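S.K.: Here is my input, please return the structure:
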Amino acid sequence: MKIKKRKSPTKTGGFSLIEVLVAILLVGLAIAGLVAANTSLTKANGAAVNLSTSEFLIEQIRELATLLPVIDPQSGEDTFGPEEAALADYDDLDDFDNASFSPPIGCDKSLLNNFAAFTQKIKVENVSASNFELVVGDHSSSFVRVTVEVFLNSRLLSSVSWIRARY
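M.R.: Model prediction:
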């Protein structure tokens, strides 16, 4: 009679414990990498939204400034700073010198309450006709430089300047 040999019980055809641990380690590293990438992308997206909002708020002032004369249209005075008490009565560009708005204002001078964490700061300066970087005394040049800075919780996000002819 022949005796049959049994197969060894260690050769079952499944994964070994080491192979399973290596697979779990690789999947864990992949998930950790995806979470880190997601966090970085979320931060970058938040910064992009804030920068886009600051550019929008600068454009609101630029549109408002485009429609206004540089000096008071009724009195002809070019007093830097407001001659009027209320924002709604600001009728020339130099009224906005050293103005700060929080919440910011739109191109129609209305408050943009949805952006209350942002602040617009506006500066209007006379500049030399031959060198727009050189600030000169009030009323001594036909050109003004308008600078708008936008802050988010006291942190500067964006700053833009442009030149306007006085007449």
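S.K.: distance of Leu29 from Lys43?
M.R.: Note on Leu29: its distance to Lys43, by Cβ to Cβ, to the nearest Å, is 22 Å. Yep, even glycine has a C-beta here, placed from its N, CA and C like the rest.
S.K.: Spell out, range by range, the helices that occur in the protein.
M.R.: Secondary structure of the chain (DSSP state H): helices at 17-67.
S.K.: lowest average confidence, helix or strand, in it?
M.R.: Every helix and strand in the chain was compared by mean pLDDT, DSSP states H and E; the lowest is helix 17-67, with a mean of 91.
S.K.: now for that helix, which elements pack on it?
M.R.: strand 118-127, strand 143-152, strand 155-165 (3 or more Cβ pairs under 8 Å, 6 or more residues apart in numbering; DSSP states H and E).
S.K.: That helix versus strand 143-152: what angle between them?
M.R.: Orientation check (axes from the mean of the first three to the mean of the last three Cα atoms, to 10 degrees): helix 17-67 against strand 143-152 gives 150 degrees.
S.K.: What are the phi and psi values at Ser110?
M.R.: Dihedral pair for Ser110: phi -80, psi 150, per degrees, to the nearest 10.
S.K.: how near is Asp89 to Gly33?
M.R.: In terms of Cβ to Cβ, Asp89 sits 58 Å off from Gly33.
S.K.: any idea of the pLDDT on Pro9?
M.R.: With respect to pLDDT, Pro9 has a value of 58.
S.K.: Just give me the residue right at the centre of the protein.
M.R.: Centroid-nearest residue in the chain: Leu51, 2.1 Å away (criterion: Cα atoms, centre = their mean).
S.K.: Assess the claim that that one and Leu156 are in contact.
M.R.: No: counting by Cβ atoms under 8 Å, Leu51 stays clear of Leu156, with 11.4 Å between them.
S.K.: So the nearest residue to Ser161 once chain neighbours are set aside versus Glu19, what's the distance?
M.R.: Nearest non-adjacent residue to Ser161, counting by Cβ to Cβ, 6 or more residues apart in numbering: Thr147, 4.4 Å away. According to Cβ to Cβ, Thr147 stands 65 Å off from Glu19.
S.K.: just to revisit the earlier point, chain center to the least confident helix or strand of the chain: distance?
M.R.: Its chain's C-alpha centre and that of helix 17-67 lie 15 Å apart, by Cα atoms, centre = their mean, to the nearest Å.
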